[in-house]
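Chemist: Pasting a predicted model and its sequence here:
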Amino acid sequence: MNPADLFAREENPVALETGGVLFRAGEPGDCMFMLLAGALNVMVAAAPSKLARIDQRRFHRVVAQNPFFAMHIMKELADRIRSMNTLLAQR
């Protein structure tokens, strides 16, 4: 299952064109977006994108109802930690 399928029928997706900025470091936020890609200081769309806006309550519900989604999130986080460790070791 593709995790994006869980959000395919969003009524109000956030649409970004290539190069569109989703957020910058330090900006306040009250939600997360179901696209796990981006840079450390700014998240910019690499291609035209549609994103689902997800608050904490909805995130917890989706994780509880979809173990595969929870595993996907954990894998992405582990990959990011490994990448950051590699970058820090090169300094």
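Modeler: Nice, thanks for sending it over. Residues are numbered from 1 along each chain as shown.
Chemist: can you pull the buried residues of the strand or helix carrying residue 88?
Modeler: In this structure, residue 88 sits in helix 67-89 according to DSSP states H and E. Going by neighbour count (16 or more other C-beta atoms under 10 Å), the buried part of helix 67-89 is 69, 72-73. Bear in mind the C-beta positions are built from the backbone N, C-alpha and C, glycine included.
Chemist: How far away from the center of its chain is it?
Modeler: Centroid separation for helix 67-89 versus its chain: 12 Å, with C-alpha atoms, centre = their mean, to the nearest Å.
Chemist: which strands and helices sit next to that helix?
Modeler: With contacts defined as 3 or more C-beta pairs under 8 Å, 6 or more residues apart in numbering; DSSP states H and E, helix 67-89 has these neighbours: helix 56-65.
Chemist: Now do the helix it packs on: which elements does it pack against?
Modeler: With contacts taken as 3+ C-beta pairs under 8 Å, 6+ apart, helix 56-65 sits against helix 67-89.
Chemist: taking the mean pLDDT, what do you get for the helix it packs on?
Modeler: In this model, helix 67-89 carries a mean pLDDT of 92.
Chemist: Could you measure from residue 21 over to residue 49?
Modeler: From residue 21 over to residue 49 the distance is 12 Å, taken as C-beta to C-beta, to the nearest Å.
Chemist: Repeat that for residue 67.
Modeler: The spacing between residue 67 and residue 49, counted by C-beta to C-beta, is 26 Å.
Chemist: Equivalent analysis for residue 59, please.
Modeler: Distance, residue 59 to residue 49, using C-beta to C-beta: 19 Å.
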